[in-house]
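K.L.:
I would like to see how this sequence folds:
(one chain, ligands or ions: 1)
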Amino acid sequence: MRSPVDVDEFDECPLSLLPSLDPRLEEALQKMGVSSLFPVQLAVWQETIGPGGFERDLCINSPTGSGKTLSYALPIVQALSTRKIRCLRALVVLPTRDLALQVKEVFAAIAPAVGLRVGLAVGQSSIADEISELIKRPYLEMRVPSDPEDRAFEFQSSVDILVATPGRLMDHINTTKGFTLEHLCYLVVDETDRLLREAYQSWLPMVLQLTSLNAQSMIAYAKAPVLSPLGSLTTIRRCGVERGFKDKVFPRLVKMIVSATLTQDPSKLFQLDLHHPLFLATGETRYKLPDKLESYKLICESKLKPLYLVALLEGLQGEKCIVFTSSVDSTHRLSTVLNLFGLPFKISEYSGRQPQSVRSKMLKGFREGKIQVLVATDAMTRGMDVEGVRNVVNYDMPVYIKKYIHRAGRTARAGQGGRCFTLLRNDQVKPFKKLLQKVGIDTCSVHSVSADAVERLRPIYSSALEKLQELMESRAPKRHKTGLKFVKDRKRKTSINSAKQ
Ligand SMILES: Nc1ncnc2c1ncn2[C@@H]1O[C@H](COP(=O)(O)OP(=O)(O)OP(=O)(O)O)[C@@H](O)[C@H]1O
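P.N.:
Numbers count the residues shown, from 1 in each chain. Okay, the predicted model is just below:
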């Protein structure tokens with residue numbers, strides 16, 4: 001950990017020059033539009049494929065949009081490409097459903113080329129549907145009674161690689177018959193710092209326990225030749241005695257932990273029980289912004305923020321843009337108000353309070369370019385990859401640099417350019433300067449909108465606020481109109497006042 005591999009020292013590498021790449025994977029990558037590997041992908045490839053590959057656990061810390069997903073997906077798929085029997089060998093855990101869906105797409109674009117199947121456990125469909133996708137019962141399918149001598153074959157995994165959120169993963173561990181992590185070889189914890197912060201029913205200790213040496217696996221080892229004609233279906237983890245492996249289970253569960261803001265705090269990393277971890281980082285500073293990201297500040301009075309935002313959006317002329325706010329409520333209010341301005345592009349909201357189906361619809365519309373401006377909570381912050389996002393706006397200044405990095409990182413991805421605008425009050429200018437210094441930025445340009453544009457918008461804003469008031473009244477539940485009128489009026493006033501802010 002003290003001497004990290006500097007990803008900056010790697011260049012892009014054309015696929016044709018990549019050592020040991022399976023030609024089937026090369027073809028699949030070409031179909032995805034990938035003709036060369038990005039630096040972080042090459043750095044990880046060198047540590048994982050070839051002699052000594054996967055000997056150490058990897059901690060991958062490189063900027064947003066630098067291609068970390070493929071950096072772990074490609075070596076895992078290549079390493080599993082020679083497997084003979086299907087069982088669950090790789091598990092990728094992500095904090096949110098949309099992120100898991102996105103990562104599954106990356107695996108699904110390359111894994112089938114070498115005969116591997118990828119599953120998803122995120123609670124998008126019913127648990128029964130998910131189980132039928134993940135587990136098969138060969139005896140049931142062949143309509144023959146199961147052989148009691150052959151219990152190992154009663155249930156079989158339908159997938160080699162599983163992409164999961166912690167909640168659904170725990171559901172399967174606790175309740176799904178035949179779901180086992182016994183054969184797991186690779187564990188990826190993406191957005192590690194976020195996942196470690198939230199324990200989610202102790203999923204991590206559970207996964208580590210289920211993949212470590214235990215008495216049961218020793219018994220299974222002793223009995224293996226009798227249990228099944230294909231003894232290889234039982235993965236036996238033994239205790240290593242070689243130097244560096246003492247007291248470690250072998251074959252070892254290889255771990256890859258990944259984030260643009262990976263923690264280096266040993267007390268946090270300790271939970272992962274990493275084996276000789278190797279840190280791959282970019283540059284000298286702890287965190288880094290994408291090279292082609294431009295940061296701007298927009299200084300305005302608090303009560304004029306919506307006007308400045310509208311003037312800014314008008315100036316961006318419908319370029320794809322995400323506007324981040326600090327809460328679900330302000331996301332809803334802001335997108336409602338923006339829509340009342342009658343701007344010539346489509347504005348929608350995205351927040352954790354919306355049902356998954358609505359969120360997915362918004363995301364799809366935004367990806368397809370049917371929605372140009374997405375007002376979002378931090379549910380959209382981490383990892384989300386939407387092509388063509390040229391601008392990010394921080395409607396509320398992020399307090400922590402990690403948040404700034406992940407929000408700004410929705411643009412300037414994959415070597416493209418992008419801009420991040422932050423609306424600030426005068427008293428926020430200094431704290432914002434200090435914030436950016438943490439990522440090595442000393443000066444941040446001011447972006448100004450014309451005073452005329454703001455003046456022109458004032459009357460429209462007043463009528464938008466009136467319409468907002470009417471809207472809220474019409475949406476208020478009827479019983480409020482009679483009994484709780486006083487409380488309702490007070491609440492409404494507070495709410496409209498917050499919209500003004
Ligand atoms: N080798 C490559 N060639 C071309 N495009 C690539 C390559 N690798 C990744 N990409 C594209 O780059 C974009 C960013 O990749 P990815 O989502 O993996 O970034 P990330 O580093 O995980 O970002 P974040 O930290 O925000 O999660 C994606 O659209 C992906 O398709």
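K.L.:
tell me the contacts of the closest residue to T381 other than its chain neighbours?
P.N.:
Leaving aside its sequence neighbours, T381 sits nearest to H406 (Cβ to Cβ, 6 or more residues apart in numbering; 4.5 Å). Where C-beta positions appear, they are placed from N, C-alpha and C, glycine not excepted. Counting by Cβ atoms under 8 Å, 6 or more residues apart in numbering, H406 touches 64, 260-261, 378, 381-383.
K.L.:
redo that, cut-off 10 Å
P.N.:
The contact partners of H406, by Cβ atoms under 10 Å, 6 or more residues apart in numbering, come to 64, 191, 194, 259-261, 324, 378, 380-384, 398, 400.
K.L.:
filter these to the buried ones?
P.N.:
Neighbour-count burial within those applies to 64, 191, 194, 259-261, 324, 378, 380-384, 398; the criterion is 16 or more other Cβ atoms under 10 Å.
K.L.:
Reformat those as JSON lines; add distance to G123, secondary structure and pLDDT.
P.N.:
Shown next, in JSON lines, are those (distance: Cβ to Cβ, whole Å; DSSP: H, G, I helix; E, B strand; the rest coil; pLDDT from 0 to 100):
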{"residue": "T64", "distance to G123": "26", "secondary structure": "coil", "pLDDT": "97"}
{"residue": "E191", "distance to G123": "18", "secondary structure": "coil", "pLDDT": "94"}
{"residue": "R194", "distance to G123": "18", "secondary structure": "helix", "pLDDT": "90"}
{"residue": "S259", "distance to G123": "23", "secondary structure": "strand", "pLDDT": "96"}
{"residue": "A260", "distance to G123": "26", "secondary structure": "coil", "pLDDT": "96"}
{"residue": "T261", "distance to G123": "26", "secondary structure": "coil", "pLDDT": "95"}
{"residue": "F324", "distance to G123": "25", "secondary structure": "strand", "pLDDT": "98"}
{"residue": "D378", "distance to G123": "20", "secondary structure": "helix", "pLDDT": "92"}
{"residue": "M380", "distance to G123": "19", "secondary structure": "helix", "pLDDT": "90"}
{"residue": "T381", "distance to G123": "20", "secondary structure": "coil", "pLDDT": "88"}
{"residue": "R382", "distance to G123": "18", "secondary structure": "coil", "pLDDT": "91"}
{"residue": "G383", "distance to G123": "18", "secondary structure": "coil", "pLDDT": "91"}
{"residue": "M384", "distance to G123": "18", "secondary structure": "coil", "pLDDT": "93"}
{"residue": "P398", "distance to G123": "29", "secondary structure": "coil", "pLDDT": "96"}
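K.L.:
What about the ligand: which of those residues touch it?
P.N.:
64, 260, 383 (Cβ under 6 Å from any ligand atom).
K.L.:
Would you check how far apart the last one and A260 are?
P.N.:
Relative to A260, G383 is positioned 9 Å away (criterion: Cβ to Cβ, to the nearest Å).
K.L.:
what sits in contact with each of those two?
P.N.:
With Cβ under 10 Å, 6+ apart, G383 and A260 have common neighbours 64-65, 68, 191, 406, 409.
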